[in-house]
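Chemist: coords please:
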Amino acid sequence: MSLFKNIFSKDKKETLDKGLEKSKTSFFGKLSKAVAGKSKVDDEVLDNLEEILVTSDVGVNTTLKIIERIEERVSRDKYMGTDELNAILREEIAGLLSETNIGEETEFSVPSDKKPYVIMVVGVNGVGKTTTIGKLAYQFKKQGLKVVLGAADTFRAAAIDQLEVWANRVEVPIIKQKMGSDPASVAFDTLSSALAENADVVLVDTAGRLHNKVNLMNELSKVKRVMQKVVPDAPHDVLLVLDGSTGQNAFEQAKQFTKATEVTSLAVTKLDGTAKGGVVIGISDQFQIPVKYIGVGEGIEDLQVFNKYEFVDSFFKL
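Modeler: Residues are numbered from 1 along each chain as shown. A predicted model of the protein is given here:
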């Protein structure tokens, strides 16, 4: 039975299928070798499956959970044919994602009871953070929301310039200061402006320097404190952007950032150019933080709201 519930538009689903093509091809290539000549799931098949999941960047701990669940089903049902393995894997992985992810949204939206809704975006340089902010601004604006951008990554001139390019492209206001300015000051100005303009959503970019975690921690804490002078419960969402194409390195970044600040949601980018799509499953499970958005292409429409049914359907589509 397909988990696909016809909840995405056909175009979006095709983009997702295409974006996960490399991950799927790699995974099923390994899986078909693992079960070649076998009619039932036995210890050898499970050992091979464990290796496949680990090498597909699902991560060791999450892989062990999945294997354990399948072992339980094998011992309960006494017999499981290798032809059933694909369907069982789909069910178990969807079940795993259900434990962390709301993952049932299909539209870009923010709670209407918080205005402005403040999203602080964090992540190391090069993961697609600024591009994700630009694409989010585009999607929110498309939903009829009034958006303001804040260029609080003042450490790199390129970050301010890049965000400005996106602001002009999407035609939303950007609040910025010169390179080297205090990021908290930019955040303060951004939220003050958003309040004055009666904005619905604020997206604040922040610096992504991980080599000195203490400085990063202090800076992000200060940015939060200063935001709260303007909007008392800001930020409402701390969105960590991770580059899916880096596989295990994305786990490491998630680990470092969750230590540096309280992360409330994830965006996993660059899934289209890689066979490492399994990283979404592992990161979601290991950090118990919902994946909100995934990047499956370079186009402005190719940032998608993460939906677990759609993701699992595309990943396991034969």
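Chemist: Show the residue spans covered by the helices in the stretch 51-200 of the chain.
Modeler: Applying DSSP state H, counting those that start in this stretch to the stretch 51-200 of the chain gives helices spanning 60-77, 85-100, 129-142, 157-170, 183-196.
Chemist: wait, Val170 sits on Ile133?
Modeler: No: using C-beta atoms under 8 Å, Val170 is not in contact with Ile133; the gap is 9.8 Å. Backbone N, C-alpha and C define where each C-beta goes, glycine included.
Chemist: For these two, indicate the residue with more neighbours.
Modeler: A count of neighbours by other C-beta atoms under 10 Å puts Ile133 above the other of Val170 and Ile133, at 29 against 21.
Chemist: Buried residues, stretch 241-258. List them.
Modeler: Within stretch 241-258, the residues that count as buried by 16 or more other C-beta atoms under 10 Å are 241-247, 249-251, 253-254, 257-258.
Chemist: Ok, which of the helices of the stretch 51-200 of the chain comes nearest Thr106?
Modeler: helix 129-142 (12.0 Å; C-beta to C-beta).
Chemist: Please identify the deepest-packed of the helices of the stretch 51-200 of the chain.
Modeler: Mean neighbour count (mean count of other C-beta atoms under 10 Å) peaks for helix 129-142 among the helices of the stretch 51-200 of the chain, with a mean of 23.
Chemist: now that helix against helix 157-170, angle please.
Modeler: Interaxial angle of helix 129-142 relative to helix 157-170 (axes from the mean of the first three to the mean of the last three C-alpha atoms, to 10 degrees): 20 degrees.
Chemist: helix or strand for Gln286, which one?
Modeler: For Gln286, the host element (DSSP states H and E) is helix 279-287.
Chemist: any idea of the mean pLDDT in that helix?
Modeler: Average pLDDT, helix 279-287: 89.
Chemist: which residues sit in contact with Leu49?
Modeler: Leu49 makes contact with 31, 34, 67, 70, 85 under the criterion C-beta atoms under 8 Å, 6 or more residues apart in numbering.
Chemist: what sits against the fourth one?
Modeler: Remark: with contacts taken as C-beta under 8 Å, 6+ apart, Ile70 is in contact with 41, 46, 49, 80, 85, 88-89, 92.
Chemist: From those residues, which one has the minimum pLDDT?
Modeler: By pLDDT, Met80 ranks lowest within the contacts of Ile70, coming in at 81.
Chemist: For that one, give me the backbone phi and psi.
Modeler: When quoted as degrees, to the nearest 10, the phi and psi of Met80 stand at phi -140, psi 120.
Chemist: count of residues packed around it?
Modeler: As a burial measure, Met80 scores 18 neighbours (other C-beta under 10 Å).
Chemist: The nearest residue to it once chain neighbours are set aside and Asp233, how far apart?
Modeler: Of all residues not flanking Met80 in the chain, Val41 sits nearest, at 4.3 Å (C-beta to C-beta, 6 or more residues apart in numbering). Distance, Val41 to Asp233, by C-beta to C-beta, to the nearest Å: 49 Å.
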